[in-house]
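*Asks:* Let me see the structure of the following:
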Amino acid sequence: MPTIGKRSRAAATIVWAFGLCLLVNLLIGEQLTNWVIALGMDDTRAMLIASMLVVALAGGMAALPASRSSAARFGGFAGFVVVDVIPFLINAAQTKATPGLTAPANIAEWILQPLGILLLGAVSVTVGVAIAQRLRGDTRRVAAAVRSRRWSWPLVPVAAALVAVVAASAVGGLQQGPLVQLQTYGPPPASSTARTVAGADPTWSSQLQLPGHIGNRYVDGRAVLVYVPGVYAVDTTLRLPVVYFLHGTPGAP
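*Replies:* I've put the predicted structure just below:
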């Protein structure tokens, strides 16, 4: 009977981890993919990395209440096959060669690439489960310490708030780069934008001295900075030249 109980709990954990993978992917999979694309990845790699994050999160969530981590890892790995490996194979089978080029199939890579993706999924869910188990142990130790030292309980929400603030900053650093985060962009001083054009209309020359501003925009999930000259605020019908600075996203403009 104890063996049957253990097997039932293991099976329930596998199903729970598998279901969590599907649910987490449904809720945030597309958002994670767009976020990774905004970091500079093409669609295929972004989907792979997003799926790795999904199974790590789902596997960790399934492992928190579980006594055996192997069941959570197995269920998470099965979920990874559904959310990433199968869609990858379908997409690969439907992808056509670029017109005008010959692209014979590389049979070896058709075998090795899926195996490599499976390996990445196994590593991801293992890391997620390991982190969850560590967090569970650390939480128990913190709870025991707080119970023994009641004066220290106000430090818990303070520490949680600090972790949340630092995590938000870390995500911003990944999104736009840590160096960009060190500066706050805004309109330049009026004196720095002053320009004179020989033979130009005086009104136009004065408008060229208006300070511009930098705005934030999202294009296909990517954060971009747009500098708008001050003269545009005076006359929005103007057609101004545009300069694009591209960071060289692989596989896409």
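
*Asks:* give me the number of residues near residue 127?
*Replies:* 15 (other CB atoms under 10 Å). Placement of C-beta: from N, CA and C, glycine included.

*Asks:* Return the residues in contact with it.
*Replies:* residue 56 (CB atoms under 8 Å, 6 or more residues apart in numbering).

*Asks:* what about the host helix or strand of it, distance to the chain center?
*Replies:* Per DSSP states H and E: residue 127 is located in helix 107-148. Taking CA atoms, centre = their mean, to the nearest Å, the mean C-alpha location of helix 107-148 is offset from the chain mean by 17 Å.

*Asks:* Next SSE downstream of it?
*Replies:* The helix or strand immediately downstream of helix 107-148 is helix 155-176, counting by DSSP H and E.

*Asks:* Report the inter-axis angle for that following helix versus helix 107-148.
*Replies:* Relative orientation of helix 155-176 and helix 107-148, computed by axes from the mean of the first three to the mean of the last three CA atoms, to 10 degrees: 160 degrees.

*Asks:* Tell me the spatial nearest neighbour of residue 126, not counting adjacent residues.
*Replies:* Spatial nearest neighbour of residue 126, chain neighbours left out: residue 73 (5.9 Å); criterion: CB to CB, 6 or more residues apart in numbering.

*Asks:* do the same with residue 14
*Replies:* residue 75 (3.9 Å).

*Asks:* For that neighbour, which residues are in contact?
*Replies:* Contact partners of residue 75, counting by CB under 8 Å, 6+ apart, are 13-18, 20-21, 59, 62.

*Asks:* distance of it from residue 63?
*Replies:* Distance, residue 75 to residue 63, using CB to CB, to the nearest Å: 10 Å.

*Asks:* which neighbours do those two share?
*Replies:* By CB under 8 Å, 6+ apart, residue 75 and residue 63 have these common neighbours: residue 17.

*Asks:* any low-confidence regions in the stretch 1-150 of the chain?
*Replies:* For the stretch 1-150 of the chain, applying pLDDT under 70 flags the ranges 1-5, 66-67.

*Asks:* All the helices of it, in order from the start?
*Replies:* Using DSSP state H, counting those that start in this stretch, the helices of the stretch 1-150 of the chain run over 2-38, 43-63, 69-80, 86-94, 107-148.

*Asks:* any chance of those in CSV, plus distance to residue 154?
*Replies:* What follows is the helices of the stretch 1-150 of the chain, written out as CSV (distance: least, CB to CB, whole Å):
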stretch, distance to residue 154
helix 2-38, 32
helix 43-63, 28
helix 69-80, 33
helix 86-94, 48
helix 107-148, 10
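
*Asks:* Ok, which of those helices comes nearest residue 168?
*Replies:* Among the helices of the stretch 1-150 of the chain, the nearest to residue 168 by CB to CB is helix 2-38 (13.6 Å).

*Asks:* Output the contacting helices and strands for the closest one.
*Replies:* The contact analysis (3 or more CB pairs under 8 Å, 6 or more residues apart in numbering; DSSP states H and E) places helix 2-38 against helix 43-63, helix 69-80, strand 222-228.
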